[in-house]
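Participant: my questions concern the predicted model and sequence given below.
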Amino acid sequence: MNAPEERAQPLSSTPPSPSLAAMILLGLSLMLIAFNLRPLFASLSVLLPDIIGSTSLSSAGAGYLTTLPVLCLGLFAPLAPRISQRVGPERTLLAVLFFLTVGTAMRGMGGMAALFIGSALAGAAIATGNVLLPSVVKRDFPHQAALMTGLYTMALCGGAASAAAFTLPIAHFFDDSWAAGLVVWALPAALVLLIWAPQSLRSAHGSSQVRRNVTGLWRDPLAWQVTLFMGLQSALAYCLMGWLAPILRERGLEGVEAGLVVSVSIMVQVVTCLLVPPLAVRCRNQSLFNAALALTAASALIGLLFAPVSTVWIWAVLQGIGQGGLFAIAMTVIVLRSPDSHVAAHLSGMAQGVGYVLAALGPLLVGVLHSLTGSFASSGWLFAALGTGAAISGWGAGRTMYVKARSEEIGSAGRRA
């Protein structure tokens, strides 16, 4: 079934056309926001062995800690479209940056309670930002959706890569303080908060008396395929960000070298994030892209687990190609399968809400399996299952059609307009 012609439907009453400079500023700002949505995960990964060694945290407890923010991504994602309709997406993103800054700073207070609470607060903020970025792109860049999706997913990967590469050297600089290595990532979030505040407060896309209701989404098979694809590929991604550095350190690499391997893998993702969406949208459908990238990412992760240590750099690059393309195409599919920006926001909320709850099982199971067996070898079966499931659901999600959901106006009194 071929997708019908795009129907442009603004989130609120149509504002005057913005200037080119304003659009460039908006695009850059969205990339800066995206950059700050991943250091939370990668910074913890490279410091996890140090935290376990200097505290009473067990391998199972480390699994819970790496899982907590991912679980929050799923629990809070469905709330994002509702909050956005009340206060506007720009102001909601401003709140995202505020709570992300506070939560990230709390993780560096040194105690276990602050570490868990800060991770949960930052995870809730990231969940909201994850959901809103595709809908803002769909609304403000309708003719450059693939390019903008590639750019902001590139920025997401860039934030993760930066955290993987620089967190451990920063911790070493501050007398091997893991708390300092975590808290430093509150600074770029605070800086972007200051940059975004003037744009959000003067935005014309604030709350509106006329709202829209999206129905039929949760009964649509295609929407569930998009959701499973998002969840299973995310499970692979958070296994990588949460556990690859500990896996490599257990295999004999030094901490800084393990962090660099993770960083190189994620930096390769930056390139594929930019290249894959424009290429994928030129194809008749994205099914083959989705399946091939899922199998590549999972196979390379298994290679990092079992292949000779001398080959880890090769597997890291291959994993970066697969995982970066996989994440970018998963976000692109949300936009491509949505007939308008309202459905995009709700499909994004569904895919990331259910998907990230599913994804949270990935890093949790890695920690539990390590606690039970004393090694990471048993995780290979988990990686294989996640990759196969992502390939199957991705094949269905890549079909050229729209989800069967309706977007209808609702008056201020709650009646349909």
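Facilitator: Thanks, I have it.
Participant: just give the closest residue to the residue most central in space within the chain, not the sequence neighbours.
Facilitator: Against the mean C-alpha coordinate of the chain, by Cα atoms, centre = their mean, the closest residue is N130 at 6.0 Å. In this structure, N130 finds its nearest non-sequential neighbour in Q352, 5.4 Å apart by Cβ to Cβ, 6 or more residues apart in numbering. Backbone N, C-alpha and C define where each C-beta goes, glycine included.
Participant: how about A291?
Facilitator: A391 (4.1 Å).
Participant: got the contact list for the nearest residue to R38 once chain neighbours are set aside?
Facilitator: Sequence neighbours aside, A160 is the residue nearest to R38 in space, at 3.8 Å (criterion: Cβ to Cβ, 6+ apart). Contacts of A160 were listed using Cβ atoms under 8 Å, 6 or more residues apart in numbering, and they are R38, P39, F41, A42, M241, I266, Q269.
Participant: any regions of the chain where pLDDT drops low?
Facilitator: Scanning the chain for pLDDT under 70 picks out 1-18, 203-212, 409-417.
Participant: at 50 what do you get?
Facilitator: Scanning the chain for pLDDT under 50 picks out 1-15, 207-209, 412-417.
Participant: what segments of it are strands?
Facilitator: Remark: strands assigned in the chain by DSSP state E are 211-215, 406-410.
Participant: all helices for the stretch 1-150 of the chain, in order.
Facilitator: Along the stretch 1-150 of the chain, counting by DSSP state H, counting those that start in this stretch, helices occupy 20-35, 39-54, 59-76, 80-87, 89-107, 112-140, 145-173.
Participant: the fourth one: how far from the chain's middle?
Facilitator: Right, helix 80-87. 19 Å (Cα atoms, centre = their mean, to the nearest Å).
Participant: can you put the helices of the stretch 1-150 of the chain in TSV and add distance to A180?
Facilitator: Listed next are the helices of the stretch 1-150 of the chain as TSV, based on distance: least, Cβ to Cβ, whole Å:
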stretch	distance to A180
helix 20-35	20
helix 39-54	10
helix 59-76	18
helix 80-87	31
helix 89-107	11
helix 112-140	13
helix 145-173	6
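Participant: which one of those lies closest to S371?
Facilitator: Taking Cβ to Cβ, helix 59-76 is the member of the helices of the stretch 1-150 of the chain nearest to S371, at 4.2 Å.
Participant: the inter-axis angle of that closest one versus helix 80-87?
Facilitator: Per axes from the mean of the first three to the mean of the last three Cα atoms, to 10 degrees, the angle that helix 59-76 makes with helix 80-87 is 50 degrees.
Participant: for D175, phi and psi?
Facilitator: Phi and psi for D175, reported as degrees, to the nearest 10, are phi 60, psi 40.
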